[in-house]
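**Q** This is a predicted model, with the sequence first.
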Amino acid sequence: MNKKKYCIFLILLLCCFTGILAQKTNDTVVSKKFPVHFSPIYPLGIHGQESKKYTYNFSLTLIAGMVRSVNGAHISGLYSQATGYVNGLQFAGLGGNSAGNLKGIQIGGVTNANHLKMRGIQISGFANAATEADGVQISGFVNAARNVKGIQIAGVGSGAENMTGIQIGGISTLTQRKMTGLQISGTYNRADTLRGVSISVVSFSDTIEKGFSLSLVNIVKKGSYRELELSFADYANVALSYKMGTQKFYTIYTTGISFIEDKLWINGIGFGNRTAIGNRFDFQPELLVHSFLPTNSINLKNIKDVFETFETRLKLGFVYCINKKMGLSFAPSIYVKSDNNNITRGLGANLGLKIKI
């Protein structure tokens, strides 16, 4: 199933949770008006089956109700549906559905759905779905909308075709086309085109037009930057680093060994940037965090040393470009090191051979 079909399927699935196969309606259609509506359950009530042709200022249904439109409040014990628009509050113990425009607040214990444009706030315990969302979607499980301007927050995942604003998912976020703003999840972010910041464990973008991805695994399909570096330094006598992302902002993975003074394995992760400052020279600042483990003490009893001995290092690298693929670098650095709660600060330097891949 391709991404577009997946997004459409997700929206339709969430709409089905409302239990109503509502049709999109034209909000300009003239309906009858009455100030108050009361019903134990549709079609029983003040106007019976005709309630779906009325616009009310206040509608109260004990179990489930259906009205045309609402200017005020639409409250139901279990389920509420408006075949037209809602201006104000739509509240139901299980869920609410509006087939027309929603301006205000839609609250459902389980799920909410809006079929035209939602301007306001959708809050549900499980899922929210909207065709056009201009405001805030908050759910315990998942949010889905075609176009969003505002905020999506979900305990598991949020999805949109185009997103402008903030998209947050406990596990993942998905933007079908363009993500403009901030994208955050606990595991995985996906955006075809990113214009902003993506923060997760794994981020995947077809193109980063503007901004960067602050992720442990940073995958960019077009305009990607990948580099291998063999380096020699005082703290890591021999180390190999792999860098992935874009030249503007990439993720670094490093592993190495120290054998001249202390016998240590070194592992690290960090972020960096590479910018041309001339025909043959690049400036390459990098920020890394390293952990250290004695080479002769790799067992469960000593694994705590990984967490007790680490350093944060800022490298200010200068690269001489031999050709388009290869370069030599010199990187003076400053560091702060913690070893069993003993803090030390100092200076260092790296020599490196770099290869773009």
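**A** Everything's here; your move. Numbering: from 1, shown residues only.
**Q** contacts and neighbour counts: CA atoms only from here.
**A** Will do.
**Q** so where's the stretch 201-350 of the chain uncertain?
**A** 297-308 (pLDDT under 70).
**Q** what are the ranges of the helices in it?
**A** Along the stretch 201-350 of the chain, counting by DSSP state H, counting those that start in this stretch, helices occupy 305-308.
**Q** all strands for it, in order.
**A** For the stretch 201-350 of the chain, the strands defined by DSSP state E, counting those that start in this stretch cover 225-233, 238-245, 250-258, 264-272, 275-276, 281-294, 309-321, 326-339, 342-356.
**Q** Next, the angle from the third one to strand 281-294.
**A** Direction vectors for strand 250-258 and strand 281-294, defined by axes from the mean of the first three to the mean of the last three C-alpha atoms, to 10 degrees, enclose an angle of 50 degrees.
**Q** Can you list the helices and strands that strand 250-258 packs against?
**A** Helices and strands touching strand 250-258, by 3 or more C-alpha pairs under 8 Å, 6 or more residues apart in numbering; DSSP states H and E, are strand 188-220, strand 238-245, strand 264-272.
**Q** Next, the angle strand 264-272 makes with that strand.
**A** Using the same axes, to 10 degrees: strand 250-258 against strand 264-272 is 160 degrees.
**Q** follow-up on the earlier one: ok, which of the strands of the stretch 201-350 of the chain comes nearest Phe58?
**A** strand 238-245 (54.1 Å; C-alpha to C-alpha).
**Q** strand partners of that closest one, parallel vs antiparallel please.
**A** strand 225-233 (antiparallel), strand 250-258 (antiparallel) (DSSP bridges).
**Q** then the first one to PDB, C-alphas only?
**A** What follows is strand 225-233, C-alpha atoms only, in PDB (Å, rounded to 0.1, in the frame of the first residue of the first chain):
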ATOM      1  CA  TYR A 225      25.400  13.700   2.800                       C
ATOM      2  CA  ARG A 226      27.400  10.600   3.800                       C
ATOM      3  CA  GLU A 227      31.000  10.500   4.900                       C
ATOM      4  CA  LEU A 228      33.600   8.100   6.300                       C
ATOM      5  CA  GLU A 229      36.400   9.500   8.400                       C
ATOM      6  CA  LEU A 230      39.500   7.700   9.700                       C
ATOM      7  CA  SER A 231      40.900   9.900  12.500                       C
ATOM      8  CA  PHE A 232      43.900  10.000  14.800                       C
ATOM      9  CA  ALA A 233      43.700  11.800  18.100                       C
END
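**Q** Show me the strands in the stretch 51-200 of the chain, by range?
**A** Using DSSP E, counting those that start in this stretch, the strands of the stretch 51-200 of the chain run over 54-61, 64-67, 69-76, 79-82, 86-92, 95-98, 102-108, 111-124, 127-139, 142-154, 157-169, 172-185, 188-220.
**Q** can you list those strands in a markdown table and add mean neighbour count and distance to Leu347?
**A** Shown next, in a markdown table, are those (neighbours: other C-alpha atoms under 10 Å; distance: least, C-alpha to C-alpha, whole Å):
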| stretch | mean neighbour count | distance to Leu347 |
| --- | --- | --- |
| strand 54-61 | 22 | 71 |
| strand 64-67 | 26 | 71 |
| strand 69-76 | 24 | 66 |
| strand 79-82 | 29 | 66 |
| strand 86-92 | 25 | 61 |
| strand 95-98 | 32 | 61 |
| strand 102-108 | 25 | 57 |
| strand 111-124 | 26 | 52 |
| strand 127-139 | 26 | 48 |
| strand 142-154 | 26 | 43 |
| strand 157-169 | 26 | 39 |
| strand 172-185 | 25 | 35 |
| strand 188-220 | 22 | 26 |
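**Q** With distance to Pro285 added, can I get the ones you listed in JSON lines?
**A** Listed next are the strands of the stretch 51-200 of the chain as JSON lines, based on distance: least, C-alpha to C-alpha, whole Å:
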{"stretch": "strand 54-61", "distance to Pro285": "61"}
{"stretch": "strand 64-67", "distance to Pro285": "61"}
{"stretch": "strand 69-76", "distance to Pro285": "57"}
{"stretch": "strand 79-82", "distance to Pro285": "57"}
{"stretch": "strand 86-92", "distance to Pro285": "52"}
{"stretch": "strand 95-98", "distance to Pro285": "52"}
{"stretch": "strand 102-108", "distance to Pro285": "47"}
{"stretch": "strand 111-124", "distance to Pro285": "43"}
{"stretch": "strand 127-139", "distance to Pro285": "38"}
{"stretch": "strand 142-154", "distance to Pro285": "33"}
{"stretch": "strand 157-169", "distance to Pro285": "29"}
{"stretch": "strand 172-185", "distance to Pro285": "24"}
{"stretch": "strand 188-220", "distance to Pro285": "16"}
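**Q** which one of those strands lies closest to Phe259?
**A** strand 188-220 (28.3 Å).
**Q** by how many degrees do the closest one and strand 172-185 diverge?
**A** Using the same axes, to 10 degrees, the inter-axis angle of strand 188-220 relative to strand 172-185 is 70 degrees.
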